[in-house]
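Colleague: coordinates only, sequence not included:
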């Protein structure tokens with residue numbers, strides 16, 4: 001299998017997952033929205049991984065349109081995830097109740113917007129154009145192949161690329177405890193990117209090593225993900241506070257993460273990065 005064919009197979013699988021979950025997502029299924037978002041992330045990961053072998057034609061347009069779709073999916077997903085952190089109503093807190101009602105209205109509005117987006121001509125055109133773009137990558141000679149004079153081995157390319165991503169990630173992870181919220185979020189996204197790439201090529205990686213690496217990446221994602229979810233909750237709550245135009249509302253305080261918990265999660269992430277550094281899967 002060539003690198004172009006591998007990219008085409010993976011990318012078409014991502015498009016299939018998008019299409020398979022579209023109907024349920026339109027009906028308000030939270031997990032379907034989540035699966036569509038994962039499919040979109042996996043598609044972009046595949047493009048980044050196989051960059052030298054993908055078509056450049058139309059990519060600027062597709063990138064903008066994929067961002068448009070991701071904004072709709074992310075808005076719904078972020079509201080849904082943060083809603084799980086809302087205080088229970090049995091506390092009889094008026095502030096908690098008013099937040100929940102406002103939050104629910106925001107959730108309903110975001111789901112309606114997503115439904116319109118997924119049923120629009122713009123979405124259908126995006127899927128059609130993306131499919132054509134993937135086919136062009138599979139049928140044409142890439143700049144990489146032209147320079148080499150022959151297709152590069154998938155095994156050679158993938159193991160080298162996985163190794164590069166792995167080394168870059170654990171080096172950045174050494175400073176996870178001192179990162180800003182924004183840099184930490186970027187690190188989490190890179191962890192997710194490597195995880196998806198490893199899953200693409202699990203048969204090419206020694207089983208024990210790939211399992212250990214995936215365990216580490218999932219652990220890192222869990223730690224950094226919980227911190228990110230809390231931050232997203234505060235951000236959304238602040239936005240809803242402004243819309244409420246009530247100086248007495250302090251909804252963002254309901255998403256507080258105590259410093260002890262934050263330090264513990266960051267320490268766990270740091271240790272996991274160090275363990276990951278000792279692995280030699282590629």
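Modeller: Done, it's in. On a predicted model such as this, the values are computed, not experimentally measured, just so you know. Numbering: from 1, shown residues only.

Colleague: Please make it C-alpha for all contacts and neighbour counts, starting now.
Modeller: Will do.

Colleague: any idea how far residue 213 is from residue 42?
Modeller: 18 Å (Cα to Cα, to the nearest Å).

Colleague: does residue 35 really touch residue 19, like I thought?
Modeller: No: contact criterion Cα atoms under 8 Å: residue 35 and residue 19 do not qualify, at 10.5 Å.

Colleague: Among those two, which residue is more densely surrounded?
Modeller: Comparing residue 35 with residue 19 by neighbour count (other Cα atoms under 10 Å), the higher total belongs to residue 35, at 18 against 15.

Colleague: Distance check, residue 184 against residue 195.
Modeller: Look at residue 184 and residue 195: by Cα to Cα, they are 17 Å apart.

Colleague: scratch that, residue 57 is what I was asking about
Modeller: Distance from residue 57 to residue 195, by Cα to Cα: 28 Å.

Colleague: Which of the two has more residues huddled nearby?
Modeller: Per other Cα under 10 Å, whichever of residue 57 and residue 195 has more neighbours is residue 195, with 23 against 11.

Colleague: centre of the chain versus whichever strand or helix holds the more buried one, how much separation?
Modeller: According to DSSP states H and E, residue 195 maps onto helix 181-200. Here helix 181-200 shows a centroid-to-chain-centroid distance of 8 Å under the convention Cα atoms, centre = their mean, to the nearest Å.

Colleague: One more: stretch 230-242?
Modeller: The answer for stretch 230-242 is 20 Å, by Cα atoms, centre = their mean.

Colleague: Can you point out the buried residues in that stretch?
Modeller: 230, 231, 232, 233, 234, 236, 237, 238, 240, 241 (16 or more other Cα atoms under 10 Å).

Colleague: Among those residues, which pair sits farthest apart?
Modeller: Largest separation among the buried residues of stretch 230-242 by Cα to Cα: 230 and 241, giving 16.3 Å.

Colleague: Tell me where the model's unsure across the stretch 101-250 of the chain.
Modeller: 138-151, 244-250 (pLDDT under 70).

Colleague: For the residue most central in space within the chain, give me its contacts.
Modeller: What sits nearest the mean C-alpha location of the chain, by Cα atoms, centre = their mean, is residue 41, with 4.9 Å. For residue 41, the contact set (Cα atoms under 8 Å, 6 or more residues apart in numbering) comprises residue 193.

Colleague: Starting from residue 70, give me the distance back to it.
Modeller: 9 Å.

Colleague: where exactly do the helices run in the stretch 151-282 of the chain?
Modeller: Ranges of helices in the stretch 151-282 of the chain, per DSSP state H, counting those that start in this stretch, are 154-173, 181-200, 207-244, 259-278.

Colleague: Show me what the third one is packed up against.
Modeller: Think helix 207-244. helix 59-83, helix 181-200, helix 259-278 (3 or more Cα pairs under 8 Å, 6 or more residues apart in numbering; DSSP states H and E).

Colleague: which parts of the last one are buried?
Modeller: Which is helix 259-278. Quick answer for helix 259-278 (16+ other Cα under 10 Å): 262, 265, 266, 268, 269, 270, 271, 272, 273, 274, 276, 277.

Colleague: name the helices or strands packed onto that helix?
Modeller: So helix 259-278, by 3+ Cα pairs under 8 Å, 6+ apart, packs with helix 154-173, helix 207-244.

Colleague: hmm, who's touching that helix?
Modeller: Contacts for helix 259-278 (Cα under 8 Å, 6+ apart): 167, 170, 173-177, 213, 216, 219-220, 223-224, 227.

Colleague: again, but for stretch 99-115
Modeller: 25-28, 72-73, 75-76, 79-80, 83, 86, 240, 251.
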